[in-house]
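Undergrad: after the sequence you'll find the predicted model.
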Amino acid sequence: MIELQNVSYSYSDDKKSLNSVSFKINRGERVGLIGANGAGKSTLLKSLVGLITTEGSIKVDDITLSNKTLSEVRKKIGYVIQDSDNQMFMPTVIDDMVFGPINYGMSKPDALEKATKMLETLGISHLKDRYNHKISAGEKKMASIATILTMEPDVLMMDEPSAALDPHNRRVLINMLNKIPLTKIIASHDLDFILDTCDRVLLIRDGQIVADGKVDDILTDKILLEANSLELPFCLQGRN
């Protein structure tokens, strides 16, 4: 489904934010992307949708990412960015949710129907006609996730999806993510969230993948995590 070969990127000449990154993600895999601040998580996600121009090769569903294929690739990948204020740009929640589907050719009635169902699925129907600048950070995060899911992507990428969520909405999101049969890449410092939603983990440090394995193997490896400025998930701390 996704294949990277020797992908590199530098924000400046003295340090590579991505350094010859290579991996494959199969269709339907649920992959957590972890690492300390500045390790390269967000940069890696941006590279997959062409927000930055990298060296190396990126393929999504056998389509090589390039300027010519950018639109086609972006139709396949739904990207929930970290800052919801930069993602929600229309006046109301429902306006944002139907904007993408309509621009990809869906009729307005169909877009409204899908958006309404997604709001119901996430338990946030009350936000439908609310103004984006008048809802809380947590509400805006849930609305931004609903907006991307309404576009029915093949791949769902999320950057710090649990940030700003209260415990109830965090659990709603976890349950929903575990039900939908999408390929998922979730970048997060919330290792408990990764433990609850992912099967596989990529650990990134200084722009390189330093560990790739089953979520239970990597997130229970205290020595590995601490060597990369991380700690065990809270639910595992204190166990022998």
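TA: Structure's in. What do you need?
Undergrad: from N86, how far off is the residue nearest in space to the middle of the chain?
TA: Centroid check for the chain by CA atoms, centre = their mean gives M158 as the closest residue, at 1.4 Å. Per CB to CB, to the nearest Å, M158 is found 14 Å from N86. From N, CA and C alone the C-beta is placed, and that goes for glycine too.
Undergrad: same question, C198
TA: Per CB to CB, C198 is found 25 Å from N86.
Undergrad: run through the chain and note the low-pLDDT ranges.
TA: Applying pLDDT under 70 to the chain flags the ranges 13, 239-240.
Undergrad: would you map the helices across the chain?
TA: Taking DSSP state H as the criterion, the chain carries its helices at 41-48, 70-76, 84-87, 93-103, 108-121, 137-150, 167-179, 191-197, 215-218, 222-227.
Undergrad: in CSV: these, plus mean neighbour count and distance to D14.
TA: Converted to CSV, these look like this (neighbours: other CB atoms under 10 Å; distance: least, CB to CB, whole Å):
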stretch, mean neighbour count, distance to D14
helix 41-48, 22, 16
helix 70-76, 15, 29
helix 84-87, 16, 28
helix 93-103, 20, 38
helix 108-121, 16, 44
helix 137-150, 23, 34
helix 167-179, 15, 38
helix 191-197, 22, 30
helix 215-218, 17, 30
helix 222-227, 13, 24
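Undergrad: for those helices, which one sits closest to I34?
TA: Checking the helices of the chain against I34 by CB to CB gives helix 191-197 as the closest, at 6.3 Å.
Undergrad: what helices or strands is the closest one leaning on?
TA: Contacts defined by 3 or more CB pairs under 8 Å, 6 or more residues apart in numbering; DSSP states H and E place helix 191-197 against strand 30-34, helix 167-179, strand 183-187.
Undergrad: alpha carbons only: can I get that helix in CSV?
TA: What follows is helix 191-197, C-alpha atoms only, in CSV (Å, rounded to 0.1, in the frame of the first residue of the first chain):
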residue,chain,number,x,y,z
LEU,A,191,1.9,5.7,23.7
ASP,A,192,-1.1,4.4,25.5
PHE,A,193,-3.2,5.6,22.5
ILE,A,194,-0.7,3.8,20.1
LEU,A,195,-1.0,0.7,22.2
ASP,A,196,-4.8,0.8,21.9
THR,A,197,-5.0,1.5,18.2
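Undergrad: before we move on, back to that, distance to E3 for the helices of the chain - can I get that in a markdown table?
TA: Shown next, in a markdown table, are those (distance: least, CB to CB, whole Å):
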| stretch | distance to E3 |
| --- | --- |
| helix 41-48 | 11 |
| helix 70-76 | 12 |
| helix 84-87 | 27 |
| helix 93-103 | 26 |
| helix 108-121 | 29 |
| helix 137-150 | 22 |
| helix 167-179 | 23 |
| helix 191-197 | 22 |
| helix 215-218 | 21 |
| helix 222-227 | 25 |
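Undergrad: for I204, find the nearest of those helices.
TA: Closest approach to I204 among the helices of the chain is made by helix 41-48 (6.0 Å; CB to CB).
Undergrad: orientation of that closest one relative to strand 183-187 in degrees?
TA: Angle of helix 41-48 versus strand 183-187, following axes from the mean of the first three to the mean of the last three CA atoms, to 10 degrees, is 140 degrees.
Undergrad: now what about helix 41-48, what contacts it?
TA: Outside helix 41-48, the residues that touch it by CB atoms under 8 Å, 6 or more residues apart in numbering are 2, 4, 7, 9, 11, 17-18, 21, 33-35, 52, 54, 58, 60, 65, 77, 79, 82, 157, 159, 185, 187, 204, 207.
Undergrad: how far off centre is it?
TA: The chain centre lies 10 Å from the centre of helix 41-48; the measure is CA atoms, centre = their mean, to the nearest Å.
Undergrad: what angle do it and strand 30-34 make?
TA: Going by the same axes, to 10 degrees, helix 41-48 makes 130 degrees with strand 30-34.
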